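Q: Sequence plus predicted model, see below.
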Amino acid sequence: MKSIALITGATSGIGEATALALADSYHLIICGRRKDRLDKLANVLKMKTDVTCLNFDIRDQGAVKAAIEGLDDTWRSISVLINNAGNAHGLHYIHEGSTEDWDAMIDINVKGLLYVSRAVIPQMVAKQEGNIINIGSTAGIDVYPRGNVYNASKFAVDALTKGMRMDLNPYNIKVSEIKPGLVETEFSMVRFKGDGERSKQVYEGIEALQAIDIAECISFVLSRPKHVTIADMVVMPLAQASSTILNRKK
């Protein structure tokens, strides 16, 4: 019988690619704000596995708790938690930043991860097994100009991952973090408020990572033997040496 994996931010990018990559091996709980996209993805996944959709905004603690506690007994025993949902908003100097953007990044990238983790992890502790994968970023280990609050939120994910690993060590729960570099998804469109031209410039002249590249890394982490934890994985495209050093083709 397949184990159950819960994926946040499953309606696009890395989350969607991960759901598709894991469908052969897991029953899936896919989570996201956009119900139409969830339903569309579920229809594809159902050709391979059992699927349930949870439609909530990760920033809403009450909605997160109600959605996960509302799962029936068949779906409550979650073996894999993939905290993927996250966003960047704006690219401004600290003295020019939007406090609304700051709130969105902290609420989604940090508090949202905590809300879902708090709702899911107790049953992992009770059965003394589980696998948690947090999707961080190279921005969580390498600060860049005008990254300030986004950097801070991803540094927090890195710290939380380490803390989770320590706290959950007595319960045989694996805790991993994957830190992607430049991945070509909707990320930049969100950061630049739908400015397609500015978003395009982010990836111009380089062969960026694709969502499937990170999904395959997640699959690898989950495929390791019981005694093996991949604690930390940094993944960048060949053209990227750091957050600010990119070999762009002219």
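A: Sure, I can see it.
Q: For the residue nearest to the spatial centre of the chain, give me its contacts.
A: In the chain, the C-alpha nearest the mean C-alpha coordinate belongs to Asn84, at 1.2 Å (C-alpha atoms, centre = their mean). Listed by C-beta atoms under 8 Å, 6 or more residues apart in numbering, the contact set of Asn84 reads 7-10, 14-15, 18, 135. (Glycine included, C-beta is placed from N, CA and C.)
Q: ok, and the closest non-adjacent residue to Leu45?
A: Spatially, and ignoring its direct neighbours in sequence, Leu45 is nearest to Val51 (4.7 Å; C-beta to C-beta, 6 or more residues apart in numbering).
Q: Run through the residues that contact the one you found.
A: Applying C-beta under 8 Å, 6+ apart, the residues near Val51 are 27-30, 42, 45.
Q: which residues in the chain form helices?
A: 13-22, 35-45, 61-69, 73-76, 99-105, 113-127, 148-168, 187-191, 196-203, 211-222 (DSSP state H).
Q: Show the pLDDT at the residue nearest to the centre of the chain.
A: Asn84 carries a pLDDT value of 97.
Q: ok, it to Val221 distance?
A: 13 Å (C-beta to C-beta, to the nearest Å).
Q: again with Gly97
A: 34 Å.
Q: burial measure for the nearest residue to Val110 once chain neighbours are set aside, as a count.
A: Closest residue to Val110 apart from its sequence neighbours, by C-beta to C-beta, 6+ apart: Ala156 at 4.7 Å. Residues lying near Ala156 (other C-beta atoms under 10 Å) number 19.
Q: isn't Ile78 right next to Gly130, touching?
A: Yes: counting by C-beta atoms under 8 Å, Gly130 is a contact partner of Ile78 at 7.5 Å.
Q: Overlap in contacts, these two.
A: With C-beta under 8 Å, 6+ apart, Ile78 and Gly130 have common neighbours Met124.
Q: Please name the nearest non-neighbouring residue to Ile30.
A: Ala10 (3.8 Å).
Q: hang on, isn't the one you found packed against Asp39?
A: No: in this structure, Ala10 is not within contact of Asp39 by C-beta under 8 Å, at 11.5 Å.
Q: who's more crowded, the two?
A: Taking other C-beta under 10 Å, Ala10 and Asp39 do not tie; Ala10 has more neighbours (31 against 13).
Q: Tell me how far that one lies from Pro237.
A: 23 Å.
Q: where are the low-confidence patches of this structure?
A: Applying pLDDT under 70 to the chain flags the ranges 195.
Q: List the residues that contact the nearest residue to Arg198 once chain neighbours are set aside.
A: Closest residue to Arg198 apart from its sequence neighbours, by C-beta to C-beta, 6+ apart: Phe192 at 4.5 Å. Neighbour list for Phe192: 91, 198-199 [criterion: C-beta under 8 Å, 6+ apart].
Q: Just the buried ones from those?
A: Neighbour-count burial (16 or more other C-beta atoms under 10 Å) is assigned, among these, to 91, 199.
Q: closest to Leu113 among the contacts of Phe192?
A: Minimum distance to Leu113 across the contacts of Phe192 is 21.9 Å, recorded for Leu91 (C-beta to C-beta).
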